[in-house]
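>>> Structure of the sequence below:
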Amino acid sequence: MTRSPCLYAGSVMHHRLRPHIHRLRYRVFWMMLDVDEIGLLSAKLKLFSHNRFNLVSFHDGDHGGTSKLSLHGQIDALLEKSGIDAVGGKIMLFCMPRILGYGFNPLSVFFCYRRDGVLAAIIYEVHNTFGERHSYVVPCEAMDRDVIKQQCAKEFYVSPFLGMDISYQFRVHPPDGSIKIAIRGDDKEGPLITAVLSGTRADLSDTALLKAILMYPLLTLKVVAAIHWHALRMVLRGFRLYPRAPKDVHSVTIVSNGGASR
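Below you'll find the predicted structure:
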């Protein structure tokens, strides 16, 4: 497993199975960041900044909750509340950065390691276009190695085309030379939607960042545009719309073997 900052270049795929087949795919890149070393990384790179404007940047407020704790402190607090033994271990964040000051992450993923280097938990931080975010804190089983399999009930409104009575099935190939995160949403009739994020690792440098920007221009703006373009297409095709009940700006679901709690 990689535990050093890097880039992953690849694609996002969504495949809706019912009531109509609808598929979208777009090319993106992500950064894998050690949450304790983002400031140091900013000092080393000319094209990347921490909490200030640059061609590529990372802002702490784009992730986590409303606490004044550091991002690592916030994640440690969630792990401790969850009863997961990973406090003080390395935390790697898989996310899209801001491009020219603009950022949006449909999904950010925290890989939380114990002090001995074993992956203890994954936190799936889901963002919607209404400015809300929700974190699913899910422990990793001791036997999880090559492929991590996890599940939880849906607790957060993401799309107007999906109801809330859905369960998520996660299959994660831990970050190394490549990364793959597959999510399947099931309702009472069975599989309804699948989403797959996959990418190939590249060393992180100014040259690599510039190459990524040229290959994936206006990355985060493109992602938001794609979301709205496909939403329009789905409306025109007659997909059912589900109303949204506003939630806290940041909410959390803690998942355990015994079920989930908020």
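
>>> Find the residue closest to C140 in space, skipping its chain neighbours.
L119 (5.1 Å; C-beta to C-beta, 6 or more residues apart in numbering). Every C-beta, even on glycine, is put in place using the N, C-alpha and C of the backbone.

>>> Show me where the stretch 151-262 of the chain has its strands.
In the stretch 151-262 of the chain, the strands defined using DSSP state E, counting those that start in this stretch lie at 167-173, 178-187, 190-203, 250-256, 259-261.

>>> Just give me the lowest mean pLDDT stretch among those strands.
Among the strands of the stretch 151-262 of the chain, strand 259-261 carries the lowest mean pLDDT, a mean of 48.

>>> how about the nearest residue to G103 once chain neighbours are set aside, what does it touch?
Using C-beta to C-beta, 6+ apart and skipping residues adjacent in sequence, the residue nearest G103 is T220, 5.0 Å away. When contacts are counted by C-beta atoms under 8 Å, 6 or more residues apart in numbering, T220 touches M96, P97, R98, I99, Y102, G103, F104, N105.

>>> Kindly check the end-to-end length of stretch 100-109 for me.
With C-alpha to C-alpha, to the nearest Å as the measure, the ends of stretch 100-109 fall 22 Å from one another.

>>> Which residues does that stretch contact?
The contact list for stretch 100-109 (C-beta under 8 Å, 6+ apart) reads 12, 53, 55, 57, 59, 62-63, 93-97, 122-127, 129, 158, 181, 197, 218, 220-221, 223-224, 227.

>>> Just the buried residues from the residues you listed, in ChimeraX please.
Restricted to buried positions by 16 or more other C-beta atoms under 10 Å, the ChimeraX selection for these reads:
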select :12,55,57,59,62,63,93,94,95,96,97,122,123,124,125,126,127,158,181,197,220,223,227
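
>>> wait, doesn't G10 sit right on S198?
Yes. Counting by C-beta atoms under 8 Å, G10 touches S198, with 4.7 Å between them.

>>> what is in contact with these two at once?
Common neighbours of G10 and S198, counting by C-beta under 8 Å, 6+ apart, are I179.

>>> so what's S135 bridging to?
Taking DSSP bridges, one obtains E125, V252 as the residues bridged to S135.

>>> what's the neighbour count on it?
S135 has 24 neighbours, counted by other C-beta atoms under 10 Å.

>>> and what of D116?
Under the neighbour criterion other C-beta under 10 Å, D116 is assigned a count of 7.

>>> gap between stretch 215-224 and the chain center?
Centroid separation for stretch 215-224 versus its chain: 16 Å, with C-alpha atoms, centre = their mean, to the nearest Å.

>>> Dump that stretch to CSV, restricted to CA.
The C-alpha trace of stretch 215-224 is given here as CSV (Å, rounded to 0.1, in the frame of the first residue of the first chain):
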residue,chain,number,x,y,z
MET,A,215,-4.5,16.3,-19.7
TYR,A,216,-7.5,17.0,-17.5
PRO,A,217,-8.2,20.8,-17.8
LEU,A,218,-10.6,22.5,-15.4
LEU,A,219,-10.9,19.2,-13.6
THR,A,220,-13.4,20.1,-10.8
LEU,A,221,-15.5,22.4,-13.0
LYS,A,222,-15.8,19.6,-15.5
VAL,A,223,-17.0,17.2,-12.8
VAL,A,224,-19.8,19.6,-11.7
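
>>> if I look at K154, how far off is H134?
10 Å (C-beta to C-beta, to the nearest Å).
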